[in-house]
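> One predicted model, sequence on top.
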Amino acid sequence: MAKNPTSGASAPCGDKLAFLRNHPIFGVLDSDLLERLRAHALQKTFSHGTTIFSKGDAGSSLFVILEGQVKVISFSPLGKNAVFNVLSAGDIFGEIALLDGGERTADVTAVTDCKLMVIERRDFLPLVHGRPDIAQKLIEVLCARLRNTSRQVEEVMFLDLAARLAKALIRLLPPNSKSGHNKLMLTQNEIAQIVGASRESTNKQLREWEEKKWVRLERGGLIVLSPDALSVLAGADE
């Protein structure tokens, strides 16, 4: 999935103030506002596989990922599901319901063990109202999410599976990753949901790449061994 403009905060999760100060959204705040936000923010942990919130839940808080990964997923009435996004440390989620006071628009589940900062609506909205720069940053996040969704739809409609899969794996790689250490903690079923394909066809493609030593499949995830090869394949359809 596309990385969001919120990615990049790198302070240790135990130091909420330093994390906020280095965050692309919250770092624009003055020291007194940062301290007030830090005082109100809670830190919560969620184990792998835990549902953080579900579609239709009341949206009363914003989440900032301190450590770990989460996936944004939606289920159809027939039991099928689609993964819309995978978010990592520094990303935020829950902003739509937080801003409009409506229900959550999707499920969010912990892909790995996660540490999250939780900011309640009553503490966050005064910042949005009083600081146009915060509002502008949130607009950028929402626009990035919309662009990402549009890109996913276009890829499913116009690209073959190999190109879609290569693009998805490249986008999911952690920032500043090194060849041989690019582990993605996503199952093949989850990857198939991201690219809009069956698990069987996704597995077949990944097996072909494993024979070429582009990836290595492991229980509960995979390692990208040759991001350059995947990048070439991903770029061939652009």
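On my side now, so go ahead.
> confidence score at the spatially most central residue of the chain?
Computing the C-alpha centroid of the chain and ranking residues by C-alpha atoms, centre = their mean puts Leu87 first, at 1.5 Å. pLDDT for Leu87: 91.
> Correct me if wrong: Val156 contacts Ala192.
No - assessed by C-beta atoms under 8 Å, Val156 is found out of contact with Ala192, at 11.8 Å. Glycine gets a C-beta too; all of them are placed from N, C-alpha and C.
> So which of the two has more stuff around it?
Ala192 (23 against 14; other C-beta atoms under 10 Å).
> hang on, the more buried one packs against Arg199?
Yes - applying C-beta under 8 Å, one finds Ala192 in contact with Arg199, separated by 4.6 Å.
> I'd like to know how far the closest residue to Pro174 other than its chain neighbours sits from Asp133.
Closest residue in space to Pro174, ignoring its immediate chain neighbours: Ser88 at 6.7 Å, by C-beta to C-beta, 6 or more residues apart in numbering. From Ser88 across to Asp133, the span is 24 Å (C-beta to C-beta, to the nearest Å).
> so where do the strands sit in the chain?
For the chain, the strands defined by DSSP state E occupy 42-46, 51-53, 61-67, 70-75, 81-87, 92-93, 107-110, 114-120, 182-184, 215-218, 221-224.
> So which of those is the most surrounded?
Mean neighbours per residue, mean count of other C-beta atoms under 10 Å, is largest over these for strand 92-93, with a mean of 25.
> contact partners of that strand?
If you take C-beta atoms under 8 Å, 6 or more residues apart in numbering as the criterion, strand 92-93 is touched by Asn4, Thr6, Ile25, Leu62, Phe63, Val64, Ile65, Val70, Val72, Leu87, Val108, Val141.
> hmm, try it at 6 Å
Strand 92-93 is contacted by residues Thr6, Phe63, Val64, Leu87, Val108 when judged by C-beta atoms under 6 Å, 6 or more residues apart in numbering.
> Of the residues you listed, which is the nearest to Ala41?
Val64 (7.9 Å; C-beta to C-beta).
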